[in-house]
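Undergrad: can't give you the sequence, but here's the structure:
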């Protein structure tokens, strides 16, 4: 009977004295004259399985020399060991070497720095930390989809190649098939993109929001969940050039509806992880971020405060002596400001709402005061900003004026204006950086360590 280690851990008492087959990799191998012990893992669980072998194995002398990293197929008897640290072990009957591992295998059984492991991104999932991180990442992705499915949201696959800049920031990766050594030029010296593959200037998407808005005006409630790209030359622990975004859009929804969805979603996925990733969360709580379990449970149980941006600035200005970045009205919040609000002032998560129009995107709905937009950021303890969203500007003339004021090319965005022209509705949505969520849940403090193969400035390995 071939089993994963997770399956074995869930039914080992019923399998006592039965023969099973497991396949995985050696973590350690301690051999003596007559017997040996292999610490074994197959990636399905954080725990290792102890394999006991002795001289009854025909290839005992060969097995004793197998090194860390070797891949094996093992058939053996399940032996209960309630008196030991592990409740059971596997007494090997046959052991087959599937793939050898030379002595220069980089991931030896010792503590490695995260910086070193980033250089071994193809091998680091075999360590406890990254084994746990990427299993939690997988569970979070499933929980996100399950949440929206339960709410009858339509899953939309937004395009990765696009001709629009959703944020209006211009920090985009260009997509072209033109020969960079022989670029076609117009009379004024600019590049002639009519000769390019799509006949126009195109980029990798920074957001699926605008496309999701089109579907929300037909299906009412939709979401995207896919890769996005920012050509931002930022080397902070919270920024990457390629990352994943969850972006729901809801027709007939205002800012309050938007915040309600955020709160329900965050609490749902954290509850899901608390239930289905107990082993991994215990690991993070012990070795990565002590107190993480309590913090996650507190968020699930907490009331999320609402705080006007103007009020948040007043709170922070009184504490400017504490901050490296002094703040005033009209400034965006830095991480230190966000953490002060959540960890010190409110001691709870908080929505900061109604932001100055000058520091928010063109598509956000202008409030009646003419100075602020119906935008919200969710700040959470220990992390800062986790979600950003807004009620979208549904008024055709108002949106047109904002696009002109912010130099958004109207001619290229006629389709977006059409959503307001033909049966438009009030609508809202938000963006959640998936890696930010993984960082928050695991306590891992660098985005490079929650991405399988991080893409950052000057780094595109593997």
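TA: Great, that's in hand. Predicted model, so just to flag it, every value in this text is computed and none were measured.

Undergrad: alpha carbons only for contacts and neighbour counts from here, please
TA: Fine.

Undergrad: can you tell me the average pLDDT over stretch 285-296?
TA: Averaging pLDDT along stretch 285-296 yields 96.

Undergrad: Which neighbouring elements make contact with the one helix or strand residue 224 maps to?
TA: Taking DSSP states H and E as the definition, residue 224 sits inside strand 221-229. If you count contacts as 3 or more C-alpha pairs under 8 Å, 6 or more residues apart in numbering; DSSP states H and E, strand 221-229 packs onto strand 154-155, helix 209-219, strand 242-251.

Undergrad: Partner strands of the last one, with direction?
TA: For strand 242-251, the paired strands and their directions (DSSP bridges) are strand 221-229 (antiparallel), strand 427-433 (antiparallel).

Undergrad: and the next element down the chain from the shortest one?
TA: Okay, so that is strand 427-433. Heading C-terminal from strand 427-433 (DSSP H and E), you reach helix 434-442.

Undergrad: now the helices for the stretch 301-450 of the chain?
TA: All helices of the stretch 301-450 of the chain, identified by DSSP state H, counting those that start in this stretch, fall at 309-317, 335-339, 396-405, 414-421, 434-442.

Undergrad: who wins for proximity to residue 17 among these?
TA: helix 434-442 (37.2 Å; C-alpha to C-alpha).

Undergrad: now that closest one, how far from the chain's geometric center?
TA: 5 Å (C-alpha atoms, centre = their mean, to the nearest Å).

Undergrad: Helix, strand or coil: sort out the nearest residue in space to residue 29 that is not next to it in sequence for me.
TA: Spatially, and ignoring its direct neighbours in sequence, residue 29 is nearest to residue 38 (4.4 Å; C-alpha to C-alpha, 6 or more residues apart in numbering). Using DSSP: H, G, I helix; E, B strand; the rest coil, the three-state assignment for residue 38 comes out as strand.

Undergrad: My read is that residue 38 contacts residue 54, right?
TA: No: if you go by C-alpha atoms under 8 Å, residue 38 and residue 54 don't touch, sitting 11.3 Å apart.

Undergrad: Could you check which of the two has the larger neighbour count?
TA: residue 38 (24 against 21; other C-alpha atoms under 10 Å).

Undergrad: Could you list everything the more buried one pairs with in the sheet?
TA: Here residue 38 shows beta-bridge partners residue 29, residue 51, assigned using DSSP bridges.

Undergrad: which residues does it contact?
TA: Listed by C-alpha atoms under 8 Å, 6 or more residues apart in numbering, the contact set of residue 38 reads 26, 27, 28, 29, 30, 50, 51, 52.

Undergrad: Please repeat the previous calculation with a cut-off of 10 Å.
TA: 25-31, 48-53, 63-64, 66-68, 90 (C-alpha atoms under 10 Å, 6 or more residues apart in numbering).

Undergrad: and what of residue 223?
TA: Per C-alpha under 10 Å, 6+ apart, neighbours of residue 223: 145, 148-149, 153-158, 208-209, 212-213, 215-216, 246-250, 429-431.

Undergrad: Just the buried residues of these.
TA: 145, 148, 153-156, 158, 208-209, 212-213, 215-216, 246-250, 429-431 (16 or more other C-alpha atoms under 10 Å).

Undergrad: could the helices and strands packed on strand 221-229 be laid out in CSV, adding mean pLDDT and distance to residue 301?
TA: CSV is the format used below for the helices and strands packed on strand 221-229 (pLDDT from 0 to 100; distance: least, C-alpha to C-alpha, whole Å):
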stretch, mean pLDDT, distance to residue 301
strand 154-155, 98, 29
helix 209-219, 96, 30
strand 242-251, 97, 23
